[in-house]
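Undergrad: Okay, predicted coordinates and the sequence, questions at the end:
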Amino acid sequence: MGKFLSEEWIKEYAKLWNSDSDLTEGLKTFSAKIKYYIDESDNTPVYIDVEKGIVTESGVVTKDEKFDFEMWATPKNWEIIINGQMGPKAAMLTKKLNFKGSMITAMKYMSAFEKSITLMSRVPTA
């Protein structure tokens, strides 16, 4: 059980992602490097590398890299999103969940994107 968006946590998230056939099937034509972090925090950002719907790599961001997508929120807003008080799409539209990357691609995969964010609530968190 790891702290939210820690290295241990993102590795567990990657396992859950890969075991969710709806998610992997919904993203079978999607490949991207995705960075997640907590705004207003000193925590090191984490990432997943998705190849054709499967997470092939996950961990902490250790160098200045380019990411296809970035998602971040304040601790309070992450809690609202993870606890299901606000859906991922609504959180993005109201800027509670900040997003950087191709909006066209995000909209194409919106159903899977929402599922991936909802999946975060299933990761055991300290």
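TA: Yep, that arrived.
Undergrad: Give the residue spans of this protein that score low on pLDDT.
TA: Along the chain, no part satisfies pLDDT under 70.
Undergrad: where do the strands sit along it?
TA: Using DSSP state E, the strands of the chain run over 32-38, 46-51, 54-60, 69-73, 98-100.
Undergrad: Pull the contacting residues for residue 26.
TA: 53, 109, 111, 112, 115 (Cβ atoms under 8 Å, 6 or more residues apart in numbering). (Each C-beta comes from the backbone N, C-alpha and C, glycine too.)
Undergrad: List the residues that contact the closest residue to the last one other than its chain neighbours.
TA: Meaning residue 115. In space, and not counting its chain neighbours, residue 115 is closest to residue 23: 5.2 Å by Cβ to Cβ, 6 or more residues apart in numbering. Residues near residue 23 by Cβ under 8 Å, 6+ apart: 17, 53, 112, 115, 116, 119.
Undergrad: sorry, back to before: export the strands of the chain to CSV and tack on mean neighbour count?
TA: Compiled in CSV, those are given as follows (neighbours: other Cβ atoms under 10 Å):
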stretch, mean neighbour count
strand 32-38, 19
strand 46-51, 21
strand 54-60, 16
strand 69-73, 20
strand 98-100, 15
